[in-house]
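# Let's see this in three dimensions:
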Amino acid sequence: MKTLATTLKTLGDPTRLRLMRLLAAEALSVGELTTILGLAQPTVSKKLAELKRAGLVAEERNGAYSFHRAAGAAHPVWQAVAAELGRDGDREGDLSRLAEVVRRRVDRGGSRGEVLEPGRSWPAWARALGWLIPPLSVADLGCGDGALTAEIARWAGKVIAVDRDRARLAAARRRLRREGFSNVSFRCEAVEDLGLAGGSVEVAVLSQALHAFPDPDVPLRQAYRILKAGGRLLLLDLGPHEEVWVREKLGHVHLGFRRDEILARVERIGFEQVVAEELRKGPGEPFRILLVTGVRGRREARPDRRRVRARRPARPRRGRGRKAA
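Now for the predicted structure:
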């Protein structure tokens, strides 16, 4: 009876319930759990300790890595709770972020708590490919915390990082300074009101930014405007999905875009040689990535709306006046 009461009491906390659901699906490190839950590391560690004392979570080591798993996943009480959670859905987006964390782990060369052969790294391969790219001038529009900006700065001649959020731009500045890059400048501006001169960069990057604009054509027009003739757009965004939690949690306006829709938008702006690729998502992954590229021609961007010719003021008709008496 005492054990049952302890189990029920331990599970009577929203954060511990979220942790149990995640650990019943996948063995995870503390760092991965903080990423998924969006909570501070001390809070996650404290909640894990409480679950361990109740015998609901166990810790296991794999080499230099430490992972947690749900030890009480087969407990009848937990199974009943898990069934109820399943009916409640994924309102917090935990399971979606779990899939993303697992995907990143696989990209780094590990899977389900396992570390595979050393040196197997897609980020390292991407960095090696960067050595083949000439030192171009790049505008990272909606740079966020600068994670992608840092990767661009490794091969670009100069990078202009743009974001309207001062806090996120400050985080990007700290990241780039910490990693020793001196070829990045920062602009706290809204992309829709961009102060960069027309024809000033060779590459315009819009990474996971388009879905935040009510009118996605607005950032595309700005990208076109600031590109030199022959400059290239690089667009990364999400394919269609049903993860509605991203609206409240992340401020997304659109739940992804269809490939044909993105193609039509980019071509309508005036880009040429447009190519769009929809990457295949793995099992359990809720998001599919769209990669789009296009080249700016020499003509001006198409206007927001059709221009209406101004009507000339009507000339007064010449009537026959009466002769003076």
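
# what about the helices in the chain?
2-11, 14-25, 30-37, 41-53, 76-88, 94-107, 122-130, 147-153, 166-178, 217-226, 245-250, 259-269 (DSSP state H).

# Pick the most deeply packed of these.
Burial of the helices of the chain is given as mean neighbour count (mean count of other C-beta atoms under 10 Å); helix 217-226 ranks first at a mean of 22. From N, CA and C alone the C-beta is placed, and that goes for glycine too.

# contact partners of that one?
139, 141-142, 191-192, 194, 196-201, 204, 206, 209-210, 213, 233, 265-266, 268-271, 296, 301, 304 (C-beta atoms under 8 Å, 6 or more residues apart in numbering).

# hmm, which of these are the buried ones?
Buried subset of the contacts of helix 217-226 (neighbour count, 16 or more other C-beta atoms under 10 Å): 139, 141-142, 191, 194, 196, 201, 204, 206, 209-210, 213, 233, 265-266, 269-271, 296, 301.

# Could you check how far L196 is from I160?
Per C-beta to C-beta, to the nearest Å, L196 is found 7 Å from I160.

# Now the common contact residues for those two.
With C-beta under 8 Å, 6+ apart, L196 and I160 have common neighbours 139, 187.

# related to what we said a few turns ago, take the helices of the chain and write them to TSV, including distance to L238.
Compiled in TSV, these are given as follows (distance: least, C-beta to C-beta, whole Å):
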stretch	distance to L238
helix 2-11	34
helix 14-25	22
helix 30-37	18
helix 41-53	27
helix 76-88	24
helix 94-107	11
helix 122-130	19
helix 147-153	15
helix 166-178	19
helix 217-226	15
helix 245-250	9
helix 259-269	10
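
# wait, which of these is closest to V275?
helix 259-269 (8.7 Å; C-beta to C-beta).

# Could you export the closest one as CSV, CA atoms only?
Extracted C-alpha coordinates of helix 259-269, given in CSV (Å, rounded to 0.1, in the frame of the first residue of the first chain):
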residue,chain,number,x,y,z
ARG,A,259,6.6,21.9,-52.3
ASP,A,260,4.5,23.2,-55.2
GLU,A,261,3.3,26.2,-53.2
ILE,A,262,6.9,27.2,-52.3
LEU,A,263,8.0,26.8,-56.0
ALA,A,264,5.1,29.0,-57.1
ARG,A,265,5.9,31.7,-54.6
VAL,A,266,9.7,31.8,-55.3
GLU,A,267,9.1,31.9,-59.1
ARG,A,268,6.4,34.6,-58.8
ILE,A,269,8.9,36.9,-57.0
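
# average pLDDT across it?
Averaged over helix 259-269, pLDDT sits at 94.
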